[in-house]
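S.K.: Take this sequence and fold it.
(chains A, B, C, D, E and F)
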Protein chains: 4
Amino acid sequence: MTARSLSPSTARGEATRQKVLEAAEQVFGEKGYHGASVTEITRAAGVAQGTFYLYFPGKKEIFLDLVDALGERLRGVTLDASAKAATYAEAQRLGFSAFFDFARTHRHVYRIIQECDRVDPITYRRFYSLLAESYRRAQADATARGEAAEVDPEVVAYCMLGVGHFVALRYLFWDGDLGPEAEETAIRFAQKGVGLD
Amino acid sequence: MTARSLSPSTARGEATRQKVLEAAEQVFGEKGYHGASVTEITRAAGVAQGTFYLYFPGKKEIFLDLVDALGERLRGVTLDASAKAATYAEAQRLGFSAFFDFARTHRHVYRIIQECDRVDPITYRRFYSLLAESYRRAQADATARGEAAEVDPEVVAYCMLGVGHFVALRYLFWDGDLGPEAEETAIRFAQKGVGLD
Amino acid sequence: MTARSLSPSTARGEATRQKVLEAAEQVFGEKGYHGASVTEITRAAGVAQGTFYLYFPGKKEIFLDLVDALGERLRGVTLDASAKAATYAEAQRLGFSAFFDFARTHRHVYRIIQECDRVDPITYRRFYSLLAESYRRAQADATARGEAAEVDPEVVAYCMLGVGHFVALRYLFWDGDLGPEAEETAIRFAQKGVGLD
Amino acid sequence: MTARSLSPSTARGEATRQKVLEAAEQVFGEKGYHGASVTEITRAAGVAQGTFYLYFPGKKEIFLDLVDALGERLRGVTLDASAKAATYAEAQRLGFSAFFDFARTHRHVYRIIQECDRVDPITYRRFYSLLAESYRRAQADATARGEAAEVDPEVVAYCMLGVGHFVALRYLFWDGDLGPEAEETAIRFAQKGVGLD
DNA sequence: CATGAATGAGTTTTCATTCAT
DNA sequence: GATGAATGAAAACTCATTCAT
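M.R.: This next block holds a predicted model:
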């Protein structure tokens, strides 16, 4: 997407790069972008300080790389999940479930996304824009098929992003887990709102 | 709420305290928590470095003070707005409008809330918990009056928080402003979801 | 001795000066010269920061004043005690006892003397020189009267200072108290050394 | 003794560590613990500020390291010296001489020991406890062999520490040097006291 | 006499990044 | 490719002292 990482030319190099990347994900997840230090990442990766700069231009860049990668993975799982559905309602249900599963498995890492807004707003925006794009398209298609109301799909996409994010925040991150009823309620909200008339 | 600031005892002191607080709000809004330095805040306030520590224990504390204050103001405006409504639908509409107005007016500052999660998760959680409380109560009351469906009001509260936050993010912070149609669509979403019957 | 303090002209002023002086003694004793702050002293004295500078030129000066005063008191009690004795042996015994009593009562304050060496070596030296003077004279007199050996009384004076100081350090400050046997042994050492014939 | 320093892994690192340590000894000796700053130490060592923290956790730790090292050296020279003696009297004489030599050569550094009491009382106490231990043992052995009187060797040990310290203070630090007569008198005092029969 | 707000120089410490080996 | 010692700018914070009221 953006050429942020330096290229390894050997297999050994590629392996080192991976070690660093994984260590970074773990350390960033644990301490956040500002709380983490390059020293700590390299220590966790089991390489020397200088090695870090052989593969990444700097702390910022590896962080943004991680965010991009995370976005890609998240889009992958949600898209894959909803692709299996026959109806829009079913797609929404499966999509939300996949999202919550992802957030559950990547608790710490998911939270670092928010820090990205200050580190590089462009990357932050891209993260959510690309994610929203799937939602937008699904809504637009459903509308075309008469399965959903005729409303601006872009707005709807961000509404759904919001529902997912805040329900995950409240139940997954604060409470420890999200039960099936809460998940059901969230999906119901996305489909029928608060239930007015 | 939490005793985080030191006490001035004269009017002059109170005035200085205010100057510093306002400068901090401005600088934090512009550069974020980590990007801002105490030096910068005092420079913006027109006082000496040491003066800062006469009124606040440290950078972290003034930041959290600001977040608490922001939460209080935000709860104030949304509650005031929805109090004027006769029906739940109306209350939601007015509440969202008030929220968007607030976010519009406090763009920069509103964004620092997200940084708070890493600085002090307790304060971050309190910010949203207290906000959600109003929404929860409104939903519960509406349900009791037969105006809303019988669903867990806590989940609904966070769904609404999410809708507000992400629509503000997309339209207010990224696009520059949020038009009436988008606002209308968001409210409609909160009331009827994506329109699935 | 040295004109280090500023002069109060009224009775009220004299009272304030005293309050500050006493607070300083206590705070310095507790935290040491460097650990104590002027703010803390004034707080302990119940006066404003500025008031301090009405009576003392600075932190250093009040500290040295305190050291001088302490020396005067210590010389007073040891001299008074040994004046009551008929023989040199008796005078030594009473002098040491008085010294240990003083150290016992002024544990904390006594220890700040050592810090004085770095703050102002002149004052530190004066403290011990004046104290040694009494010992020196007593030894010289005893020699003249045939009660003590014919040795340089100046050296002897410092040996006795050393015995007192280190026994107090070991037993009073570290152990909590100095029993009569230890005191007796110390005195015996001063009179007969390690017991080599 | 206490793991206070960080580890260099190369010869170059070890060399730098030494440079910093030596600079610290010099600067602390000259200005004392509080008068010295890390900046000054690194400047004297010819390294950058940050380098200091590669080898020592902080100013306090390097200071305490220095005190421990000093104690070890001092114990070494006094023990070595007295080990050569046939009698207790001879051992005392040689031990005192070695002590005075050490103090003469390390004037400045020796004086920083006193500051240690406020910086870390434990380390201060250890310094003298370990030193006293040799004296105590020597006295106990001499008593067993009938060479010295039957008195508490612990008290005697501190008496001798005191004699050494204060005679060094008076003659070495204040006067510039300690002549043989004064040294002789001090030793005589340690052996026979003030000469009371 | 007394106050206490204000000052600003000075201190310790951190850490992303560089570079000789 | 890999190392890890070295850098130095920047940060948060303290505190003796001044001075307008």
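S.K.: Which residue is the nearest non-sequential neighbour of residue A:32?
M.R.: residue B:118 (4.4 Å; Cβ to Cβ, 6 or more residues apart in numbering or on different chains). C-beta here means a position set from N, CA and C on the backbone, and glycine is covered the same way.
S.K.: any idea which element that neighbour lies in?
M.R.: Element membership of residue B:118 [criterion: DSSP states H and E] is helix B:107-119.
S.K.: and for that helix, what are the contacting residues?
M.R.: Helix B:107-119 has contacts (Cβ atoms under 8 Å, 6 or more residues apart in numbering or on different chains) with A:32-35, A:111, A:114-115, A:117-118, B:25, B:28-30, B:32-34, B:60, B:63-64, B:66-67, B:70, B:102-103, B:123-124, B:127, B:168, B:172-173.
S.K.: redo that, cut-off 6 Å
M.R.: Contacts to helix B:107-119, defined as Cβ atoms under 6 Å, 6 or more residues apart in numbering or on different chains, come from residues A:32, A:114, B:25, B:28-29, B:32-33, B:67, B:103, B:123-124.
S.K.: Would you map the helices across chain A?
M.R.: A:11-35, A:38-45, A:49-55, A:59-83, A:88-105, A:107-119, A:121-144, A:153-167, A:180-192 (DSSP state H).
S.K.: Out of the ones you listed, which is the most enclosed?
M.R.: Stretch with highest mean neighbour count among those: helix A:153-167 (a mean of 26; mean count of other Cβ atoms under 10 Å in any protein chain shown).
S.K.: Low-confidence regions, chain A specifically.
M.R.: Residue ranges of chain A with pLDDT under 70: A:1-3, A:194-197.
S.K.: which bits of chain A sit near chain B?
M.R.: Selection of chain A residues close to chain B by Cβ under 6 Å from any Cβ of the partner chain yields A:32, A:34, A:89, A:114, A:118, A:148-149, A:151-152, A:155-156, A:158-159, A:161-163, A:165-167, A:170, A:182, A:185-186, A:189-196.
S.K.: what's in contact with stretch A:11-26?
M.R.: A:8, A:41, A:44-45, A:55, A:62, A:66.
S.K.: check whether that stretch contacts DNA strand E.
M.R.: No - Stretch A:11-26 is not in contact with DNA strand E by Cβ under 7 Å from any atom of the strand; minimum separation 11.3 Å.
S.K.: from the chain's centre, how far out does that stretch sit?
M.R.: How far stretch A:11-26 lies from its chain's middle: 20 Å, per Cα atoms, centre = their mean, to the nearest Å.
S.K.: Stretch A:25-37 too?
M.R.: With Cα atoms, centre = their mean, you get 16 Å for stretch A:25-37.
S.K.: Output it as CSV, restricted to C-alpha atoms.
M.R.: C-alpha atoms of stretch A:25-37 as CSV (Å, rounded to 0.1, in the frame of the first residue of the first chain):
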residue,chain,number,x,y,z
GLU,A,25,2.6,-6.3,17.5
GLN,A,26,2.9,-7.8,20.9
VAL,A,27,4.7,-5.0,22.6
PHE,A,28,2.6,-2.3,21.0
GLY,A,29,-0.5,-4.2,22.1
GLU,A,30,0.7,-4.4,25.6
LYS,A,31,2.1,-0.9,26.1
GLY,A,32,0.6,1.1,23.3
TYR,A,33,2.5,3.1,20.8
HIS,A,34,4.0,5.7,23.1
GLY,A,35,4.6,3.2,26.0
ALA,A,36,6.5,0.9,23.7
SER,A,37,10.2,1.5,22.9
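S.K.: Check whether it comes near DNA strand F.
M.R.: No - Stretch A:25-37 is not in contact with DNA strand F by Cβ under 7 Å from any atom of the strand; minimum separation 10.9 Å.
S.K.: Can you pull the domain assignment for chain A?
M.R.: Domains of chain A are assigned by automatic domain parsing as A:9-56, A:58-192.
S.K.: between the contacts of helix B:107-119, which is nearest DNA strand E?
M.R.: Comparing these against DNA strand E with Cβ to the nearest atom of the strand places residue A:32 closest, at 11.0 Å.
S.K.: how close does that closest one sit to residue A:109?
M.R.: The gap separating residue A:32 from residue A:109 is 11 Å, by Cβ to Cβ, to the nearest Å.
S.K.: next one: residue A:144
M.R.: Separation of residue A:144 from residue A:109 (Cβ to Cβ): 36 Å.
S.K.: for residue A:16, same thing?
M.R.: The gap separating residue A:16 from residue A:109 is 21 Å, by Cβ to Cβ.
S.K.: what about the helix holding residue B:118, distance to the chain center?
M.R.: In terms of Cα atoms, centre = their mean, the gap separating the centre of helix B:107-119 from the centre of its chain is 9 Å.
S.K.: try stretch A:173-186
M.R.: That offset, for stretch A:173-186, works out to 18 Å (Cα atoms, centre = their mean).
S.K.: Any idea how far apart the tips of that stretch sit?
M.R.: Terminal residues of stretch A:173-186 are spaced 16 Å apart (Cα to Cα, to the nearest Å).
S.K.: That's all I had, so thanks and see you.
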